[in-house]
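Novice: the following comprises the amino acid sequence and a computationally predicted model.
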Amino acid sequence: MLPLADWRANRLAALTAPDGWLNLVARIDLTPGRHPVGAAQEVQLPSGPDLLGMLEITDGDATFARPGEAPQPFKPVADAFPQLRVGPFLLEIHTVDGVPALRVRDLTLQPAVTLRQFPDAPAWVVRAKWESFSPQASEVEMKDGSKSAVTLTHRATFQHQGKTVTLSPTHWKAGKPMFVFRDTTAGETYPACRFLFGEDPTDSEITLDFNRAISPPCAFTDFAICPLPPPGNILPFRIEAGELAP
C-alpha cells in the first residue's frame, strides 16, 4: 500500500480533478432517443449556450453533436462511465440499473476542499479474514430512496472488543472490494456512510485500513447517488479513524 500521506494526497487530487466530484453541476435523467441540450433546451444545463448540441442515447451507446458538427461518441473510461468533453463541460453518461442520466461537470470551476481526519490510528489497520462464497443477488438502498441490485461474493471478518465483526463489500472498483459502512461516529463522519477499499487480499486475508475510510461522493455534491450500508455493515461502535465529514 502507498504510505498514508501519499494516499491522502492522491485522494485530494482525485476530488479536485476535472472528473472529480467538486465541479459536478447537474445530473439529468434521460430516456433513449435524441435530446437537445443547453441552457434553454429539453435537457437544461445551469449555464452555457442556449443550445450546446444534440445528445443521442441508444442501447449501450451515446453520441453528442455540436451545431453544424458530426456526432462524437462518448469515450469509455476505466472504472468510470463514458465521457465526452464539449466546450466548457465534461459530459458523462451515468447509468444505474439500466437507466441513463447525463452528469455535467463545469471545467471552468476551480474547486477546492479541505479534508479533515481523525488522528492516525494504527490499531485500526486490521488484517481481516477474507472468504468467498457462491454469488448471492441482493439489493442496497441508495441515498435518493431508490434501490440498486448488487451481487455479494465475499465477506471480511475480524475481532473487535471480543466480538466478531463481519463486513460485506457491495461494490468493486479498480479490482478492489468496496465496503459501505456506518459506525457510531456518524455525524462527526458523514452521516449516511463511509467507503473503505480493501487492500492486499490473499485467498484468506485482506487489509482493512480504516485510516483510509472516506466520505462518499454524495458528501460533496447533491448530484451524486450513493449506496447506503447493507444492514450487516452498520456497526454499533465507534471507528475513530479516517475522514471526518467535509
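Specialist: Happy to help now that I have it.
Novice: what secondary structure does residue 84 sit in?
Specialist: Recorded secondary structure, residue 84: strand (DSSP: H, G, I helix; E, B strand; the rest coil).
Novice: residue contacts, the spatially most central residue of the chain?
Specialist: A centroid search over the chain (Cα atoms, centre = their mean) returns residue 217, at 5.3 Å, as the residue closest to the centre. With contact set as Cβ atoms under 8 Å, 6 or more residues apart in numbering, residue 217 has these partners: 21, 224, 226. For the C-beta atoms, the positions are set from N, CA and C on the backbone; glycine is no exception.
Novice: the first one belongs to a helix?
Specialist: No. Counting by three-state DSSP, residue 21 is not found in a helix; it is coil.
Novice: measure it to residue 11 for me?
Specialist: 11 Å (Cβ to Cβ, to the nearest Å).
Novice: with the second one instead?
Specialist: From residue 224 over to residue 11 the distance is 16 Å, taken as Cβ to Cβ.
Novice: what about those two, which has more around it?
Specialist: residue 224 (17 against 14; other Cβ atoms under 10 Å).
Novice: contacts for stretch 187-197?
Specialist: Here stretch 187-197 makes contact (Cβ under 8 Å, 6+ apart) with 143, 173, 176-183, 186, 208-210, 212-216, 218-219, 226-229, 242-246.
Novice: longest strand of this structure?
Specialist: Longest strand in the chain by number of residues (criterion: DSSP state E): strand 125-141.
Novice: what distance do you get for the closest residue to residue 176 other than its chain neighbours to residue 15?
Specialist: Closest residue in space to residue 176, ignoring its immediate chain neighbours: residue 197 at 4.5 Å, by Cβ to Cβ, 6 or more residues apart in numbering. Taking Cβ to Cβ as the measure, residue 197 falls 15 Å from residue 15.
Novice: cool, residue 138 as well?
Specialist: On the measure of Cβ to Cβ, residue 138 and residue 15 end up 29 Å apart.
Novice: burial measure for the spatially closest residue to residue 7 that is not a sequence neighbour, as a count.
Specialist: Excluding the flanking residues, the one nearest residue 7 by Cβ to Cβ, 6+ apart is residue 212, at 6.1 Å. By the criterion of other Cβ under 10 Å, residue 212 has 23 neighbours.
Novice: so what's residue 212 up against?
Specialist: 4, 7, 196-197, 199, 242 are the contacts of residue 212 under Cβ under 8 Å, 6+ apart.
Novice: helix or strand next in line after the strand or helix carrying residue 62, which one?
Specialist: If you go by DSSP states H and E, residue 62 is part of strand 61-65. Next along the chain after strand 61-65, taking DSSP H and E as the criterion, comes strand 72-73.
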